[in-house]
Structure formats: structure tokens, C-alpha cells
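Asks: only geometry, no sequence info:
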């Protein structure tokens, strides 16, 4: 497959590099840009661990071709904190023990951020619905839901 | 230190929490090295076949391929247990399950590596398969291990404590029930990954998502034929373990061998399908239990039989087999007890240790049967448990030493919080509530390989500026072991856990801890850390006593200061005290260790089940079941856990909630299911685990029994809370719709079929009704502890 120039805007920075058209956004982020905070758990869109934001909306980066993400604003976990200050969600997840092994955490945070961006005081059911595509094997989700509530109460971001 | 703790007992974030939430924490697959190659493994498409020949020439000729390996390159067998060295890194002569690694490549990128795998030509001669328990126990099937035909029995056990016949004869009521617990798997979100590097000086380094760096180190020494000192194992933070990363694995040894062969770093990361084949999950267990009761509910005798389908290799299986018979006696006083068990080999991925290791299956059977017996005898589920409760500081009939036991309090708490007494038998149709209890070890009493060295060692070094570093091989698999170590040391020395530098799970830098399995780390590494910290504390107190015009024994440490006890405003800062200690007696470096007491009983097999202390749990599940669809919705779970002492209640609650999650999954959804020898769905789409939508609120109640041998009184929490959840669901289902679930997972189709049976006047249950006729070995009779000690 012929490589062509790919231009991705990630966390406010533009990256240009040569890539085949079959490169997934997940591979681009992890292997080409070195932003390894984004995780993979299945590469089939089943676990949600690779969630990033595309123009503020959560997508499974393992199912998105990198070329499709051209012209969009991509946010990864490395871009969630603004100016070195943790996002309210990050502080809340840390304080309440919402991360155990931490592997699903970047994706959970980004999916939660997308929710709070459109709904600054979600109900528990709304949080559960918004995070239903993100598997966690450690926590049973209770502390994750509590942390989203806490971040919402403190004000998003 | 007995009172006034400033760190222990307070909920605090993990010491690595900010790195976790910012994506800075580095798992094995996040690591890259210059010149790194990608490794991939070719896996068998056959469940049982002879390997006639392997031709790797076309793969080797593919541009970009650096090395190709087959079983002949790594001929030394290995396995986690010294008695089960039955695995090859890459299959030699024969494959035993679909997905078994047969060959491996290292190439410049993943696409080239995968193309190379397709160019490896393996000639197989398929053999008949052994796919289930019945086939494995037949006399005329091919042997999975060995040549020819015969029974595929891996190991049998037959033990009797006391006199079961006598106990049964003395009973007023005998129940006999059969249960089946399906196999299931860990499904940690992180897939296994290993990066190996072999430098020009002949030093091999591996970064791996392993729970057991010390045991991996030993396996590498054996298989790769390198001196231990030339191998460095670094366990990266595990993205979940649950027992699934507690064996040495093919991909780890392959990555190392490929790095040695090529002189370049090689990384192998399993894909999700490969993880399902790597497995080592819960053994499917067929169980038969016959128990005699007095009319007041007291157990007079129990006879327990188990049949485990172990899959293709040994793994931890012999230990698993004994575990299925060991811990029944840790919750209830069973005066006469007989255990017979068999583990068989089949042509499926190997089973091994999963959270609770061999004990959730019998716990499900025991707690379900107690509910039935209570109904038979006109007792309520609480009463029949209370009348049988094990006494604290007692010895069980199978020679397990019980120390602290908060089970009675756990039952009281969970019954009160849930309103069990008011709800049980009184909820509207379709709504039910169930109770069950459990117990688990705070660490296996013996190491996996026999040795007389400590089970855990910790070092602490304090630099001249007051900075403190803790060195321990304990692997953080998400349970928070690093935070636990920091908590113990910080409490002892009056520091903040987050201030400490933690160096963990690195065989070059850290002294041995046996690993994150058997819920041993808090108890064993925690005690070792406390021992080391206490030595540092003593040296510092002695160095500053004169300056503070006090006896060293009267000093205390808290808030970053050393002071006369009771007068925190006196004294001096920690950093000043450290300077004085180094000036007085040299480098401020100390080590501590932990050895479990010698607890083994007077019989073969007694090494399994002993532990310095047991944690206890009681669980109530409230659910509703739609009789039309069989769908079950768990509405709420209450779980009381005797933790001994919660070093960090936030992390303890997290372990309880995680155990409940996994228990509910095993009860309702999860199954490592096969069609013959083929996995039915090796993906997270087909393997159903609970999402946010299926996860009920969990109310955690911590009971503190202050275990005298635990660090600050602590016991385990990582595994125990899962145990009672599964039978509590089954018991709640009976309360809701009158159907006995004698098999898990409890799926809607089974529930609907049982309700139809009920409507036709048949027994309203689902599950097995019989067990195979197996000639177990002659019973080994073991005297009761009082008889043995008297003789």
C-alpha cells in the first residue's frame, strides 16, 4: 500500500507523517505519535479502552481509520489536563479510587468528559448509559460513577 | 503505635493515582526500545495432533524477518509448579489445544511478522480429541499426555478427617446434591505483553505484565539456560491480573529467546483472542456434596467430591484440586470431613488460578446446600449458618489454624443493613433475597517451590536529604500493593505515603517477594515492610534520643517529625533526625522479611489451604427475575468483609466492589464455553461481562477483627469477597421464583426451562443430576487435630 501524507490534529498540535490508508487512528496515536496513554484491549471495538474524542465526541480509535480523522480535533488522555492543571474528572477519579489497575481509566475519563460537556449534571442512569461501552474489570463501576458525579458537582474542568 | 495512627485506617488515593489518570503510567505494551522488533506466535488450529514436520524456510526468507523459532529451539519443559513441568514454550511433537503456540517469528513490523507466520508450513496428523470430563475419564480415549489410550487423569486426592460414616450415622437429616460451576476467565483489560532485550554483555532484560516476576525469573533461568544473575525481570504495572498473569508464559520465553537470537529488543503483545487461549482461568467443576445435619442444623459430617476439567496442561491445577477441598471447614465447624477429587486433562486451553482459586466452586455448592438444608429443617438461612460457625482461634478438622474470625459480625452487619430477616420469604413474586458467606487465605502458607527462605523481603534506604525509598518485588496488578507498602512504611516512620519513592517488582533492584497471588502481599510483604521500617525507626530514635532528652522508647514519629510521645510540637524534623542517624551509625539502609509460621498438617496435601490468617465475608443479594423471560436484574448487593484492619479503606472498598463485580459475572453471564474443543467466542463481544448497565449498587461494610499477626492487624481483601456472591445470587433466585440454580452461570434460558419444569410438576431446578463413577484412591485417614497432638 502506498504511503501518503497524513495530517492529524491531536491535543491542539498538528502532526504530519506518511502512512498507509489502512492505519487506524489507534495505531497512529500510539505507534506513530507515541501517545501511549490511549490503550488497546481488543482492537475490535468491544472493550472501549481505546476511546478518544473526535471533535469532543467519544469514538473507538481502533475502528476509525486515521485518514478519516483528518480535519477533526482529536483529544487523547494526554490532552485532558489544561495547562498542567488536572481536569476535575482526573482529580475526582484519583481521589475516589475510580482507577484500580488504571488500564480502562484514560478511556473512561474521555467518555466522561464528553458526557459532562453536553450534560453538566448527569443523573446516575445517564452516567451509566454514557459509559456502557467502556468495560472495567476492576472496580464494578461504582467508584467511577461516584467520581463523575463529584467532578460534575465541582464544575466541569 | 497501637493507637493514634495518622496514615493507617484513613482513605487515601493510590500513590500512583495521578499518573494513572493522566495516562502517564506505563504498561508493558507502552514500552519501546530502539531497534525493536515485533514478535508473533503461530498457534495450532488443531486441538490434538502430532506435529509431523515444520518448514520455516519460506518465512525465514521473507525480507524483514529476523528470526524464526520452533519447539526444537526451546526444548526444556517448564510449568509453574515443580510437579507440573509439562509445558513447552513452543509445541514439541504434539499440540494439545486449539491456540497452542507452535512457532514464532521476530520481524521489523507487525505486518511482516504476520505474513511470515502464514509462510510457516506445519504438517499435523490429527488425533482423536478429549473434550470433556466423561471422555477424559473413559478408558479408551487417546492420552493428552503420553502415548496410547487410557484415562486422562492428571491427579486424584482422597482424604478423610475424623469419621464421616460415624458422623452421618449420628445425623438426623442427610442431604445429597450435585452442582456444576462453569469455567470462566479473568479478562483483564490489558492483554499480556512482554518486551525482551539482550545486550552485548550477555544480560537479558524482560519487561512483562506478570504477577510473579520471581517465578518468571526462575522459569527463564531454567528454559533459557542462563544464570539467574544474567536475567533481569521487571514486572510492569499490570492492567489487571486476577490470576491470569500468574504463570510463566510462552510469549515471555519466546520474546526472550528471539531477543537473544537477534540481538535486538523484541516485543510480543497478545491479541484478545490469544488471551482466551492462554486462559488459566476458573476450572469447570462438577461437585457432589453429601452432608449430615442434626435437627438444629448442626453439621455432623460432610463428604465432598469434585471433578475438575483442567484443560491441556498442569498449570496450578494440582493446587487447585486440593483447594477445592480445603476451605469448606474455615467457615463452619465440620467435625468429620471426607474429600475426594480428580483433575483431568482435556484438549482445551489450560485452566489455572482465578480470583478465589479453586474455592468459589465448592463455596457455591456448600452455601447453596445450606439454604436447602435450612428449608428442610425449618430453619432460616441465618440460623443454620450461625449454629455452625467456626470458632476464632481454633483448629479445623483438616488441621487449618484459624486465628481472628469476624464472620459472626459480618453476618450480623449484612443482615441488618439489608433487612434480610424482614425480606427473606416475604418479597412479592419475582423478587428475592439471598445470603451466603465465605472465607479466604491471607497468603498461601507455603511457597510454590519448596525452600526455607523468607516469603517476602523488603529493603528501605534513606538518603541524606531524608528521601526514603522502599524496595520490594511485590507486583502491582491494580490491587494497590505499592500503595499498601507505602502506607505501612509511612505509618511506622511518620511520613506521608505519597512522599516515598517506591521501587517495585524488579529482580535486579528489589529483594524477593514471591508474587501477587494467593492474596499474600498485604500480609507478607506488608509485614516485611513493617519489619524493615521498624529497624529504621529504632535507629533514628536511638540517634536523636539524647538531643531530645528522652529515652528512645518514649519517642514517636508523625507528621514528618520525631518527637517525645504525646508532645508533637517538641522534637525535630525527619530530615534532621535522618542526618543524625547516618552520622551516628552509617548508611541508613535496613531490610525486613516475613516467614509464615509452620502450619502444615500431618498429611500429604496439607500444604494447600494453610494460611497465617483467613479473611471472612458475608453477602446479601437482592434481585428480581422476570418469569416470562428469565432475565435477572440484581438490584443491590451488601457485602461485609472481615479485613482484620483496613490499612486504606478506599482501596479495600475497591477490592470488595471489584470482587462483587466478578462474582456477579460468574453467577449470571460469564462462561469460557466450548463447542467440542473449539472456543465458542474468544472475544469480549461473546464473553459477557457486566457493563455499567448490569452493575448494581454495592454497599460495603468493613469488619475489623484486628488480626494479631497481620501488619497493623490487616488481612486480605483481593479474593475473599467474590466467594459468597455467587451462591447469594442462587439463593436469592430461589427466594424470588422457587427455582434452585444448581449450575452457574444462571442464564435466562435455564431459568425459563426450570420454570416450565415446575409448571409440569417436575423439580424446579437446573444443573447436573449425577456424577461419573470414579474409583478414587484408597482414602488417607487423618486423625483429628486433638487426636494427632495427643498421640
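Replies: Arrived safely. Keep in mind it's a predicted model, so treat the numbers as computed, not measured.
Asks: Quick one: the helices in the stretch 351-500 of chain B, in order.
Replies: Ranges of helices in the stretch 351-500 of chain B, per DSSP state H, counting those that start in this stretch, are B:360-377, B:381-386, B:407-418, B:420-423, B:481-493.
Asks: What is the second one packed up against?
Replies: Spelled out, it's helix B:381-386. Secondary-structure packing of helix B:381-386 (3 or more Cβ pairs under 8 Å, 6 or more residues apart in numbering or on different chains; DSSP states H and E): helix B:360-377, helix B:407-418, strand B:431-441. Just so you know, the C-beta spots here come from the backbone N, C-alpha and C atoms, and that holds for glycine as well.
Asks: Tell me how confident the model is about the shortest one, as a mean pLDDT.
Replies: Spelled out, it's strand B:431-441. When pLDDT is averaged over strand B:431-441, the result is 98.
Asks: partner strands of it, parallel or antiparallel?
Replies: strand B:614-625 (antiparallel) (DSSP bridges).
Asks: Compute the inter-axis angle for the partner strand and helix B:407-418.
Replies: 30 degrees (axes from the mean of the first three to the mean of the last three Cα atoms, to 10 degrees).
Asks: Compute the distance from the centre of strand B:614-625 to the centre of its chain.
Replies: Offset of strand B:614-625 from its chain centre (Cα atoms, centre = their mean, to the nearest Å): 19 Å.
Asks: so that strand versus helix B:360-377, what angle?
Replies: Going by the same axes, to 10 degrees, strand B:614-625 makes 70 degrees with helix B:360-377.
Asks: which element follows strand B:614-625 toward the C-terminus?
Replies: Going down the chain from strand B:614-625, the next helix or strand is strand B:632-642, by DSSP states H and E.
Asks: ok, that following strand: who's next to it in the sheet?
Replies: Going by DSSP bridges, the partners of strand B:632-642 are strand B:614-625 (antiparallel), strand B:698-703 (parallel).
Asks: Please name the nearest non-neighbouring residue to the residue in the stretch 351-500 of chain B that chain A sits nearest to.
Replies: Distances between the stretch 351-500 of chain B and chain A by Cβ to the nearest Cβ are smallest at residue B:478, namely 2.7 Å. Excluding its sequence neighbours, the residue lying closest to residue B:478 (Cβ to Cβ, 6 or more residues apart in numbering or on different chains) is residue A:101, at 2.7 Å.
Asks: Shouldn't that neighbour be within a strand?
Replies: No: Residue A:101 is assigned coil when assessed by DSSP: H, G, I helix; E, B strand; the rest coil, not a strand.
Asks: Can you give me the distance of it to residue B:488?
Replies: With distances taken as Cβ to Cβ, to the nearest Å, residue A:101 is found 21 Å from residue B:488.
Asks: Repeat that for residue A:60.
Replies: For residue A:60 relative to residue B:488 (Cβ to Cβ), the value is 41 Å.
Asks: More neighbours: which of these two?
Replies: residue B:488 (29 against 23; other Cβ atoms under 10 Å in any protein chain shown).
Asks: Do I have it right that the more buried one meets residue B:524?
Replies: No: if you go by Cβ atoms under 8 Å, residue B:488 and residue B:524 don't touch, sitting 11.7 Å apart.
Asks: Now for residue B:85: which residues touch it?
Replies: B:77, B:78, B:79 (Cβ atoms under 8 Å, 6 or more residues apart in numbering or on different chains).
Asks: Measure how buried residue 12 is and give me the count.
Replies: All of this is about chain A. Residue A:12 has 10 neighbours, counted by other Cβ under 10 Å.
Asks: nope, chain B
Replies: Applying other Cβ under 10 Å, we find 21 residues neighbouring residue B:12.
Asks: so it makes contact with residue B:496?
Replies: No: Residue B:12 is beyond contact range of residue B:496, at 9.1 Å (criterion: Cβ under 8 Å).
Asks: what bits of the stretch 651-791 of chain B have low per-residue confidence?
Replies: Scanning the stretch 651-791 of chain B for pLDDT under 70 picks out B:789-791.
Asks: list the contacts for the residue of it found nearest chain A?
Replies: Here the residue of the stretch 651-791 of chain B nearest chain A is residue B:661; by Cβ to the nearest Cβ that distance is 3.4 Å. Counting by Cβ under 8 Å, 6+ apart, residue B:661 makes contact with A:137, A:138, A:139, A:140, A:141, B:690, B:695.
Asks: Would you format those residues as a markdown table with distance to residue B:176, neighbour count and secondary structure included?
Replies: Output for the contacts of residue B:661, formatted as a markdown table (distance: Cβ to Cβ, whole Å; neighbours: other Cβ atoms under 10 Å in any protein chain shown; DSSP: H, G, I helix; E, B strand; the rest coil):
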| residue | distance to residue B:176 | neighbour count | secondary structure |
| --- | --- | --- | --- |
| A:137 | 37 | 27 | coil |
| A:138 | 39 | 30 | coil |
| A:139 | 40 | 26 | coil |
| A:140 | 35 | 28 | coil |
| A:141 | 40 | 29 | coil |
| B:690 | 33 | 22 | coil |
| B:695 | 36 | 24 | coil |
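Asks: Looking at those residues, which is nearest residue B:750?
Replies: residue B:690 (18.3 Å; Cβ to Cβ).
Asks: is it true that that closest one touches residue B:667?
Replies: No: using Cβ under 8 Å, residue B:690 is not in contact with residue B:667, being 10.3 Å away.
Asks: Show me the chain divided up by domain.
Replies: Just going to use chain A. Per automatic domain parsing, the structural domains of chain A span A:4-79, A:88-154.
Asks: look at chain B instead
Replies: According to automatic domain parsing, the domains of chain B span B:35-127+B:192-269, B:360-395+B:402-444+B:610-766, B:447-594.
Asks: Would you mind giving these as JSON lines with distance to residue B:155 added?
Replies: Shown next, in JSON lines, are the domains of chain B (distance: least, Cβ to Cβ, whole Å):
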{"stretch": "domain B:35-127+B:192-269", "distance to residue B:155": "9"}
{"stretch": "domain B:360-395+B:402-444+B:610-766", "distance to residue B:155": "16"}
{"stretch": "domain B:447-594", "distance to residue B:155": "16"}
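Asks: I'd like to know how many residues surround residue B:262.
Replies: A count of neighbours around residue B:262, defined by other Cβ under 10 Å, yields 17.
Asks: if I look at the residue lying closest to it once chain neighbours are set aside, how far off is residue A:81?
Replies: Closest residue in space to residue B:262, ignoring its immediate chain neighbours: residue B:66 at 4.5 Å, by Cβ to Cβ, 6+ apart. Note on residue B:66: its distance to residue A:81, by Cβ to Cβ, is 40 Å.
Asks: So between those two, which is more surrounded?
Replies: Taking neighbours as other Cβ under 10 Å, residue B:66 and residue A:81 compare with residue B:66 leading, 21 against 18.
Asks: Contact partners for the more buried one?
Replies: Going by Cβ under 8 Å, 6+ apart, residue B:66 touches B:37, B:106, B:107, B:108, B:258, B:261, B:262, B:264.
Asks: what's the answer for residue B:676, then?
Replies: B:47, B:129, B:131.
Asks: just to revisit the earlier point, need the winner for burial among the helices of the stretch 351-500 of chain B.
Replies: Ranked by mean neighbour count, these are led by helix B:481-493 with a mean of 27 (mean count of other Cβ atoms under 10 Å in any protein chain shown).
Asks: Could you export the helices of the stretch 351-500 of chain B to TSV, including columns for distance to residue B:212 and mean pLDDT?
Replies: Compiled in TSV, the helices of the stretch 351-500 of chain B are given as follows (distance: least, Cβ to Cβ, whole Å; pLDDT from 0 to 100):
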stretch	distance to residue B:212	mean pLDDT
helix B:360-377	21	98
helix B:381-386	35	98
helix B:407-418	30	98
helix B:420-423	40	98
helix B:481-493	13	98
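Asks: Among the ones you listed, which comes closest to residue B:244?
Replies: Among those, helix B:360-377 sits nearest to residue B:244 (Cβ to Cβ), with 15.1 Å.
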